[in-house]
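**Q** Dropping the sequence and predicted coords here.
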Amino acid sequence: MNIFELIFEQYWDQLLILIGLAFIAIKYILENKRRKNEIIEEIFRAGKIKAINEFLEQYADQSAFWLEIPYYDIIEGKFRGKEVDEIVRPGLNKLEKSFYRLSIYLNDSEYNDYITLVENIRKINRRLSESYRNFNFFNKKDISQTNEFYYVQSDMLKENELILREIVRCFRTNFKK
């Protein structure tokens, strides 16, 4: 009789207990790893939802701001450049800050949608700045700068509305689970 047969015959019940304990330990380790991954995923998911909500709030504020801004008065020079910046920059900064916070959680296709929203708001801001600089103070009846601003504002906000619909659709699909 060789040593393995001897060990198996005399200690088979202890071997079964050891093998059973090994399987229990392996199962415990794998279960803990799975739970840890689920917790990390849930924390990530909650962070992403919070960041999306914050971004959408800031975007809604900016969208409303650009619809309500007295752009004709600004373009016509009733405000100084510094005053315009004090009106425009805080909301734009908040939007960009919330975007950068959100970008941590985004994959490439999501990132492209959100950056387009921010870029379109930046385009509106740039158009306001250009219109302000290019306004003809000697011919105040020339409303071409205000018209150009209005068209850029309108086009960018319409494009953003379509992007937002797609974002909301994807959000509902991804977070229904």
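**A** That came through, no problem. Numbers count the residues shown, from 1 in each chain.
**Q** name the element residue 14 belongs to?
**A** helix 3-68 (DSSP states H and E).
**Q** Tell me which helix or strand comes right after that helix.
**A** helix 71-75.
**Q** for that next one, the distance to its chain's centre please.
**A** Centroid separation for helix 71-75 versus its chain: 31 Å, with C-alpha atoms, centre = their mean, to the nearest Å.
**Q** can you check stretch 98-117 too?
**A** Put simply, stretch 98-117 sits 4 Å off its chain's centre (C-alpha atoms, centre = their mean).
**Q** Pull out the buried residues from it.
**A** Judged by neighbour count using 16 or more other C-beta atoms under 10 Å, the buried positions of stretch 98-117 are 98, 99, 102, 105, 106, 110, 114, 117. For the C-beta atoms, the positions are set from N, CA and C on the backbone; glycine is no exception.
**Q** quick one: which of the residues you listed is nearest to residue 41?
**A** residue 105 (11.9 Å; C-beta to C-beta).
**Q** which strands and helices sit next to the helix-or-strand element of the chain with minimal mean pLDDT?
**A** When each helix and strand of the chain is scored by mean pLDDT, DSSP states H and E, helix 71-75 comes last, with a mean of 82. With contacts taken as 3 or more C-beta pairs under 8 Å, 6 or more residues apart in numbering; DSSP states H and E, helix 71-75 sits against helix 108-134, helix 144-174.
**Q** Now do the helix or strand just after that helix, average pLDDT.
**A** Downstream of helix 71-75, the first helix or strand assigned by DSSP H and E is helix 81-103. Averaged over helix 81-103, pLDDT sits at 93.
**Q** How about stretch 145-154?
**A** Rounded mean pLDDT across stretch 145-154 is 86.
**Q** ditto for stretch 57-66
**A** The model assigns stretch 57-66 a mean pLDDT of 95.
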